[in-house]
Each structure stands twice: as structure tokens, then as C-alpha cells.
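Participant: prediction below, plus the sequence it came from.
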Amino acid sequence: MSKKPILVVMAAGMGSRYGGLKQIDPVGTQGEAILDFSLFDAYEAGFRTAVIIIKEAIRKDFMEMVGKRLEKCPMEIRYAYQEIDKIPEGFAVPEGRVKPWGTSHAVLCAKEEIDGAPFAVINSDDYYGKSAFKVIYDYLCTAQDKEKADYCMVGYMLGNTVTEHGSVARGVCVANEAGYLTGIAERLRIEKYENGIHFTEDDGATWEDLTFDTIVSMNMWGFTPGFLEKIEAGFPAFLETAVPGNPAKAEYLLPRSVDAMLQEGTATVKVLTSADKWYGVTYAQDKPVVVAALANMTKEGKYPDGLWK
């Protein structure tokens, strides 16, 4: 690759289950958000540029609470904006639609800022751990757009990514013996229960168990530049086929986009692993766990007391 990998951070989600703008909620000892820790770890791993995707509606708050702090971050910070009306010519936003179009659309909105570089994609409200950024950066340094596009993802054990406080959505992954993804199924309602973990696809009428060590996607993907052209080409088909049946909530999601390419045979996805524990704030009740974990890591010296001094 002629360009060095960059980091793309998705921070435009509405956070409806959380009850607020969790992208900017302070969790660090000096008021840092999870995003700050991800940028710190990414810089240590080798990333020198980050594109942060937000919505125009939160721009003022984001810049005041996070952007000003990131002026001290040694990375080059670029911004992109995911808006519901950023759709192909000939399509219209369904009446009453307020929900963003999903993670694949978010990445598309950052195409200009990505500017032809290989890139890693993460959620702003997930703590991935230091080793995850290192393995994905190293992989992207040699990944290529070829007959079969060369992608990667960092997988996590499902049991380490569920919450005690409600349901979560996860991409459930299947890999072959060589460590390449063969399929991914987006499960939108996974919950813990007394004897394990299960999911439902019919609003709770029936449930199917999943094991603790099931590998899931936490939206930490690594893509070559050609991925943007592929999801751009697929967006009109999504708007034509998926939206009419669910105009208020249908989403163009990264796991589904990747799975479609796997089934077509146009891409390979190497499943990378990280020994670090994942932390996230799907619900407000999750925040104290994240705050305590990061405070402990700071006390152990994994992070300075104040990331951007």
C-alpha cells in the first residue's frame, strides 16, 4: 500500500438505549471518553491519522467536550458527517425516518476523508484494548486490493461482550481452520439469562443458545480502499429492497456488507484476535464498570493520568 493505514471512528450513533450521547460521556480519570483511549492506543500501534464520523446535530457539543481536548492528541484528526439525507440521487428519506442508515453508510460518508488509504473501523463507545490496534495496523500495512479483496477483523468472545442490563446486537462469526471468516450473522437481540446467553429473531417468542466463546464482531474491521467502492455500489440495492419493508429502522450494516462479499467470493477476511478484554457502554448502567476498569489500568501504568498532557 502506498498510503499508511488510518483509523475511522464511528461516533454518529444516536445512543437510544444508553439515554444520551455516550460518544462524549467521560469515563477517564481526567474526563476522557472511551474514544480518547482508542486514539491513544491507535497512536501507540502506529496510526497517525483518524477520521471521526459524527452528526451535524452533535457537532457543537462534540467539539466543545471532545474536539478541543483532541487538539493535544498527536494524531491528525479529520471529521466526517453522517446525515440521513446523504443518499443516492433518485431516492428519498421515508417520512418519519430519524434513525441513521447504519454503519456501512457511516463509512461511506467518510470516503472523502479516507482519501484512498487502507483503514480500520471502530465504534467510538467500545474499548478494544491495546493489542487489537497493533494487530489490525500491522495487517493493514500489507493488505491489498486484489482479485479477492484482503480484509480483516478483530474478533472477541461473546461472553466478554454482553451486559447484565439488557440486549445487545452482535455479528456472530464463523471461521475456517485457517482463521478466515466464512460467514457472519447479525443478531440484533442477544441477552444473558440465568444459564447462559441466547438470542431471538422473533421478538422473544423463541430463543436459541450461543456459547460463551462464540466469536463475534465488535465492528473492529480492517479494509483496503476498494471496500468503499463496493459498499457504495451496494447502497442503492439496500434502499430498494430493505427499506420498503422497514422504512423507519432498516440499516445498511458493515457485517451484512462483509457477509455478502464473502458469499459472492469477492473478499477474504482474516480473523485476528486480541487477548485484551473488551468494555463498552450499551446502557447507562454499564458506565461504572468501564470507569472502574480504566481507572485500574491507569493505576497499573497502562495509561498516563491524563492522556493528552
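Facilitator: Looks like it arrived, so ask away.

Participant: show the secondary-structure elements that the lengthiest helix in the chain is packed against.
Facilitator: Longest helix in the chain by number of residues (criterion: DSSP state H): helix 226-241. For helix 226-241, the elements it packs on are helix 103-109, helix 111-114, strand 149-157, helix 254-264, judged by 3 or more CB pairs under 8 Å, 6 or more residues apart in numbering; DSSP states H and E. Where you see a C-beta, it was placed from the backbone N, CA and C, and this is true even at glycine.

Participant: please state the offset of the helix or strand containing Thr298 from the chain centre?
Facilitator: Secondary structure from DSSP states H and E places Thr298 in helix 287-299. Distance, stretch centre to chain centre, for helix 287-299: 21 Å (CA atoms, centre = their mean, to the nearest Å).

Participant: do stretch 155-168 as well
Facilitator: With CA atoms, centre = their mean as the basis, stretch 155-168 stands 15 Å off its chain's centre.

Participant: who's in contact with it?
Facilitator: Residues outside stretch 155-168 that contact it (CB atoms under 8 Å, 6 or more residues apart in numbering): 17, 170, 172-173, 175, 189-192, 197, 210-218, 271-274, 277-278, 280, 282-283, 285-286.

Participant: buried sites along it?
Facilitator: Across stretch 155-168, burial judged by 16 or more other CB atoms under 10 Å covers 155-158, 161-163, 167-168.

Participant: for that stretch, list the C-alpha coordinates in CSV.
Facilitator: Provided in CSV are the C-alpha atoms of stretch 155-168 (Å, rounded to 0.1, in the frame of the first residue of the first chain):
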residue,chain,number,x,y,z
GLY,A,155,-12.9,-11.0,17.0
TYR,A,156,-14.0,-11.2,20.6
MET,A,157,-15.6,-13.9,22.7
LEU,A,158,-19.3,-13.2,23.1
GLY,A,159,-19.3,-13.8,26.8
ASN,A,160,-16.9,-10.9,27.3
THR,A,161,-19.2,-8.5,25.3
VAL,A,162,-22.7,-9.0,26.8
THR,A,163,-24.2,-6.8,29.5
GLU,A,164,-26.2,-7.5,32.6
HIS,A,165,-28.6,-4.7,31.7
GLY,A,166,-30.4,-5.7,28.5
SER,A,167,-29.9,-6.9,25.0
VAL,A,168,-27.0,-6.3,22.6
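
Participant: against Asp202, how distant is the residue nearest to Ala169 when sequence neighbours are not counted?
Facilitator: Nearest residue to Ala169, sequence neighbours excluded (CB to CB, 6 or more residues apart in numbering): Leu188, at 4.6 Å. Going from Leu188 to Asp202 by CB to CB, to the nearest Å gives 11 Å.

Participant: where exactly do the helices run in the stretch 1-150 of the chain?
Facilitator: Under the criterion DSSP state H, counting those that start in this stretch, helices of the stretch 1-150 of the chain are mapped to 34-45, 59-62, 68-70, 103-109, 111-114, 130-140.

Participant: which of the residues in the second one are classified as buried?
Facilitator: The neighbour-count criterion (16+ other CB under 10 Å) identifies Phe62 as the buried residues of helix 59-62.

Participant: just to revisit the earlier point, so which of Leu188 and Asp202 has more stuff around it?
Facilitator: Set Leu188 next to Asp202 and count neighbours by other CB atoms under 10 Å: Leu188 wins out with 14 against 8.

Participant: what about the more buried one, which helix or strand?
Facilitator: strand 181-193.

Participant: which strands and helices sit next to the very next helix or strand once past that strand?
Facilitator: Tracing the chain past strand 181-193, the next element assigned as helix or strand by DSSP H and E is strand 196-199. On a contact count with 3+ CB pairs under 8 Å, 6+ apart, strand 196-199 meets strand 181-193, strand 208-210.

Participant: any chance of those strands in a markdown table, with distance to Ala106 and mean pLDDT too?
Facilitator: Output for the helices and strands packed on strand 196-199, formatted as a markdown table (distance: least, CB to CB, whole Å; pLDDT from 0 to 100):
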| stretch | distance to Ala106 | mean pLDDT |
| --- | --- | --- |
| strand 181-193 | 15 | 91 |
| strand 208-210 | 26 | 96 |
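
Participant: before we move on, the earlier item: list the buried ones in the longest helix of the chain?
Facilitator: Neighbour-count burial for helix 226-241 [16+ other CB under 10 Å]: 226-228, 230-231, 234-235, 238-239.

Participant: which of the three states applies to Glu177?
Facilitator: At Glu177 the chain is in coil, as set by DSSP: H, G, I helix; E, B strand; the rest coil.

Participant: ok, now Met220?
Facilitator: Classification of Met220 using three-state DSSP returns strand.

Participant: roughly how far does it sit from Asn246?
Facilitator: Distance, Met220 to Asn246, by CB to CB: 27 Å.
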